[in-house]
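Novice: structure for this input, please:
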Amino acid sequence: MQAIGTFRHTLDAKSRMAMPAQFREELGDSFIIMKGPDHCLFVYDQAGFDQISAQLSQKSATQSDRNKQRKRFSGAFQPEMDKQGRFVLQQDLIAHAGLKKDVVVFGCNSRIEIWDAEAWDALMAAEDDVDFDDIIW
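Specialist: Numbers count the residues shown, from 1 in each chain. Next up is the predicted model:
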């Protein structure tokens with residue numbers, strides 16, 4: 001999956017949100033949402049989730065490794081979309097990401113991220129001084 005684009009959506013009173021149409025095509029019929037770092041959610045298509053699972057499974061030698069696996073997989077969730085492309089987010093995922101009403105959904109290469117809009121806007125304002133010389137063009 002090669003996901004790009006940024007979209008603003010809302011989380012309704014029933015904890016539903018719509019997946020942008022562009023991403024629905026990328027994700028296909030089955031996708032997985034899991035807790036990500038930095039108080040956001042990561043969304044993977046099935047192939048991407050399988051790849052992440054394989055990487056995490058390689059690292060289980062220590063208690064710390066196993067606890068990291070438990071943290072990542074404990075909130076993993078495979079939602080079902082309705083005909084309008086909406087799905088219900090579980091409360092533990094909403095709490096992890098601090099989602100309120102307004103959310104930002106954006107493509108981040110091989111995954112999609114879901115952020116609370118205020119947190120996303122603050123992060124983007126703080127990262128305004130990106131040094132583009134460090135990016136390989």
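
Novice: look at Gln58 and report its pLDDT.
Specialist: pLDDT, Gln58: 79.

Novice: ugh, wrong one, I meant Gln46
Specialist: 91.

Novice: help me confirm that Lys14 comes into contact with Phe87.
Specialist: No. Contact criterion Cβ atoms under 8 Å: Lys14 and Phe87 do not qualify, at 10.8 Å. All C-beta spots, glycine's among them, are computed from the backbone N, C-alpha and C.

Novice: who has more neighbours out of those two?
Specialist: Per other Cβ atoms under 10 Å, whichever of Lys14 and Phe87 has more neighbours is Phe87, with 18 against 9.

Novice: need the contact list for that one.
Specialist: Arg16, Met17, Met19, Pro79, Glu80, Met81 (Cβ atoms under 8 Å, 6 or more residues apart in numbering).

Novice: any idea how far the first one is from Met124?
Specialist: If I follow you right, that is Arg16. 25 Å (Cβ to Cβ, to the nearest Å).
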